[in-house]
Every structure is written in C-alpha cells, then in structure tokens.
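# sequence and predicted model, in that order:
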Amino acid sequence: MADIPIINQGEGRSRSDSNLLREAEISPELIQEIADKVYLLLIQRLQIERERTHSYEYDY
C-alpha cells in the first residue's frame, strides 16, 4: 500500500491566524468597503432571483 502524503498540515507556520490578520494591517475602512460591496452583490442577486421567479408566474 502506497503512502499518501497529508497535505497542508501547517508546516512552516509559526504564527496564529489572528497574528497574521493583525500583521496584515487591515483597516476598518477596508473592511467596511468590502462589506458594502458584498451587500450590494447580495441585493443584486436577490433582485435577479425575484425577477426570474416573478417571470415564471406568468409563463403558463
């Protein structure tokens, strides 16, 4: 039976994820900008779904 390598065990990482985030210096403004864009994409997706669902109601 061949040995199967286990991938991504975290070798070479000496810092925790929270330290990595802190070192990345992500500003609150950048987080807000990303959140705003995600929100707008979700609204667009909901509108598309609503239009598609609404149009199916009249296809009979």
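That came in fine, so what should we check first? Numbering: from 1, shown residues only.

# which parts of the biggest helix by length in the chain are buried?
In the chain, ranked by residue count with DSSP state H as the criterion, the top helix is helix 28-56. By neighbour count with 16 or more other CB atoms under 10 Å, helix 28-56 contains no buried residues. Every C-beta, even on glycine, is put in place using the N, C-alpha and C of the backbone.

# low-confidence regions, the protein specifically.
1-24, 56-60 (pLDDT under 70).

# now with 50?
1 (pLDDT under 50).

# and residue 41, what does it touch?
Taking CB atoms under 8 Å, 6 or more residues apart in numbering, we find residue 41 in contact with no residue.

# roughly how far does it sit from residue 34?
Distance of residue 41 to residue 34, given as CB to CB, to the nearest Å: 11 Å.

# do residue 54 as well
For residue 54 relative to residue 34 (CB to CB), the value is 30 Å.

# repeat that for residue 50.
Residue 50 is 25 Å from residue 34, by CB to CB.

# do the same with residue 53
29 Å.

# again with residue 46
Taking CB to CB, one finds residue 46 at 19 Å from residue 34.

# equivalent analysis for residue 44, please.
16 Å.
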